[in-house]
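>>> sequence unavailable; structure follows:
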């Protein structure tokens, strides 16, 4: 088959998610495959969606659906499609550049084939939501298998499935089975189609890559992980089992099994209620929706015909998508030998950050994005080199974000692989980054590079003659290892030496706090008098920011304490849980909510959550909730809902997380260690306790639990100080002053 003979119709169904849709449409310019058209089916949207689509009116097909029903929208998209393959992409998703090329491999390989899909990254790009899934005839699905699914036989009672955000189908096969069953407004819609295709002789195949990144944004159906519209979910679960078990299972099983499958949802609701994830009012509402869904699913499953659509042919023509790389390049890249890049006032700047929002998170990623966008607003050309974004090169809010792959194949470094795996990875990454930076520098696009100290990513860049390399100091490896209890070895020793080498060979240093500068001097025996160093605190908000999302707390007795951070020793989560154990026995109206990566091994090959759940009483378990990693929207909600924020870290080089809480006028508690006292003024903008002192931590929490006026006073003071000191403008302006001083 000719390389691009196979044509694709990318269908995006949207409803009131304008910002996400706009980003998804822009990302399609980065697809390396060219033989595709784009169809957007707009539901009854009331936001900016129509205006966004008008800008694309000469490049895409635009269809309308007056009903909030995803299956109807998808069938409208199929009817408008003229490609050989119909590829569905959600409006909050971004495909990897080679997505269609890899999907095409499966269509070239298999015949017959009904559909093909790849893996789906969740928010942050550091975990999978879906890979290699299957569903049984009753609607019970497995969504994460290591190997591609094996259920391709038409007489099976299990079927390979795809996640809708990354699902493609042969158009002729779709017309043969009547497209999507429009009974499904949401949930099990694509799984039902996969089952019907497989039973009709058109199996589904999985690709081990063909990645799509999914933001998993909220919608009219999905408000949070818990507060979904459970009625259609339960209804469609029962309907799926009744319909897809026809001629496969006995009538007795068809009457009983769908109920048992749906009952697992009811058991989940009860568990959430007992663990405090939902209120008793939520539970009652969920169960009301559950019973309604069960009855409707049975009635419709047995008595109603499917709402498949066999009128999907069309007389339209294929409308090839016109990619606009040149237009994007002009807006974010100064041309070669541009005077602007070497202008003393508006020079080109390159920032290095392993992760970059919204495809990755963390302290460095957060401040890098704020700094990059702040510099762009001042007219500086800014490039960010990262490993976390899906596209090789894209524009995000005016910043040119470039992905650099870290798999350097320099054979001269192979001697490092076995004994020095950390150093091996970091050096190869540094070399790859340096190659791209040298390319940008030789083209006249940049004049200065800023690199974080962590992982010494900018080390190789210091050898580029004429280019200024600046290091921003954060927690050094030696301090992190001490706080985390890591076993120090020769590999870490070499990496620590290379951190020191980066500081000694760079052209200037920016420290985010006085403390981290002092700590590094002590641990690495560095004399700062010989190094040009500036102190620039991090900034979080714009100076004109007005927080309209500060919570107006309801009149209720419950006091919510919030922790946000990785569940690792350095963050002090073990100290907090011990302090809360004592508090919970005395104050029955207090709850603790914990947000952050809970998959990290803490001790004895167990995570902190596993340790806690093993040792805690049932009463304490009901007062502590582990949410794991959450979306930005849900995190914002947790900050708004809390009464007290606490992060008893054993060490922080700065403490950006406290500023996040202050943004919502929340009183904060931190430890008198590292750079935290430079963020929290004890008794004025928060409370400080000595590190690892559980008694002091308990007293500080009780002080705020019992004094609502103090909570309000500290929260307001912190918010005012945030707007006066820790603004993006201040960080950007002071960074530029530092940059200019390094040129002298």
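Great, that's in hand. Bear in mind the structure is a predicted one, so any value in this text is a computation, not a measurement. Numbers count the residues shown, from 1 in each chain.

>>> make it CA atoms for all contacts and neighbour counts henceforth
Fine.

>>> can you pull out the low-pLDDT segments for the stretch 301-450 of the chain?
Residues of the stretch 301-450 of the chain meeting the criterion pLDDT under 70: 325-345, 406-418.

>>> got it, and the chain?
Under the criterion pLDDT under 70, the flagged ranges of the chain are 1-2, 124-126, 216-228, 325-345, 406-418, 541-556, 744.

>>> now the strands for the stretch 151-300 of the chain?
Assigned by DSSP state E, counting those that start in this stretch, the strands in the stretch 151-300 of the chain fall at 158-161, 167-170, 204-206, 212-214.

>>> now those as JSON lines including distance to residue 628?
Formatted as JSON lines, the strands of the stretch 151-300 of the chain follow (distance: least, C-alpha to C-alpha, whole Å):
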{"stretch": "strand 158-161", "distance to residue 628": "27"}
{"stretch": "strand 167-170", "distance to residue 628": "27"}
{"stretch": "strand 204-206", "distance to residue 628": "28"}
{"stretch": "strand 212-214", "distance to residue 628": "18"}
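
>>> JSON lines for the ones you listed, including mean neighbour count and distance to residue 149?
Listed next are those as JSON lines, based on neighbours: other C-alpha atoms under 10 Å; distance: least, C-alpha to C-alpha, whole Å:
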{"stretch": "strand 158-161", "mean neighbour count": "28", "distance to residue 149": "6"}
{"stretch": "strand 167-170", "mean neighbour count": "24", "distance to residue 149": "15"}
{"stretch": "strand 204-206", "mean neighbour count": "26", "distance to residue 149": "7"}
{"stretch": "strand 212-214", "mean neighbour count": "25", "distance to residue 149": "18"}
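
>>> closest one to residue 35 among these?
Ranking the strands of the stretch 151-300 of the chain by proximity to residue 35 (C-alpha to C-alpha) places strand 167-170 first, at 14.9 Å.

>>> for that closest one, which strands pair with it and how are they oriented?
Sheet pairing of strand 167-170 (DSSP bridges) gives strand 85-88 (antiparallel), strand 115-117 (antiparallel).

>>> just these: most buried one?
strand 115-117 (a mean of 30; mean count of other C-alpha atoms under 10 Å).

>>> mind listing what the helix or strand that comes right after that strand pairs with, with the direction of each?
Per DSSP states H and E, the first helix or strand lying C-terminal to strand 115-117 is strand 120-121. Partner strands for strand 120-121, per DSSP bridges, with pairing direction: strand 128-130 (antiparallel), strand 212-214 (parallel).

>>> any residues touching strand 120-121, and which ones?
127, 128, 129, 130, 131, 163, 165, 166, 211, 212, 213, 214 (C-alpha atoms under 8 Å, 6 or more residues apart in numbering).

>>> break down the stretch 551-700 of the chain into its strands, ranges please.
In the stretch 551-700 of the chain, the strands defined using DSSP E, counting those that start in this stretch lie at 559-564, 590-595, 601-603, 606-607, 624-628, 644-646, 668-671, 687-689.

>>> cool, and the stretch 401-550 of the chain?
Going by DSSP E, counting those that start in this stretch, the stretch 401-550 of the chain shows strands at 448-452, 468-473, 508-511, 533-535.

>>> just put those strands in a markdown table and tack on mean neighbour count and distance to residue 205.
Formatted as a markdown table, those follow (neighbours: other C-alpha under 10 Å; distance: least, C-alpha to C-alpha, whole Å):
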| stretch | mean neighbour count | distance to residue 205 |
| --- | --- | --- |
| strand 448-452 | 25 | 42 |
| strand 468-473 | 24 | 47 |
| strand 508-511 | 24 | 51 |
| strand 533-535 | 20 | 55 |
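
>>> out of those, the one nearest residue 598 is which?
Judging the strands of the stretch 401-550 of the chain by C-alpha to C-alpha, what sits closest to residue 598 is strand 448-452, at 25.5 Å.

>>> cool, thanks, talk later.
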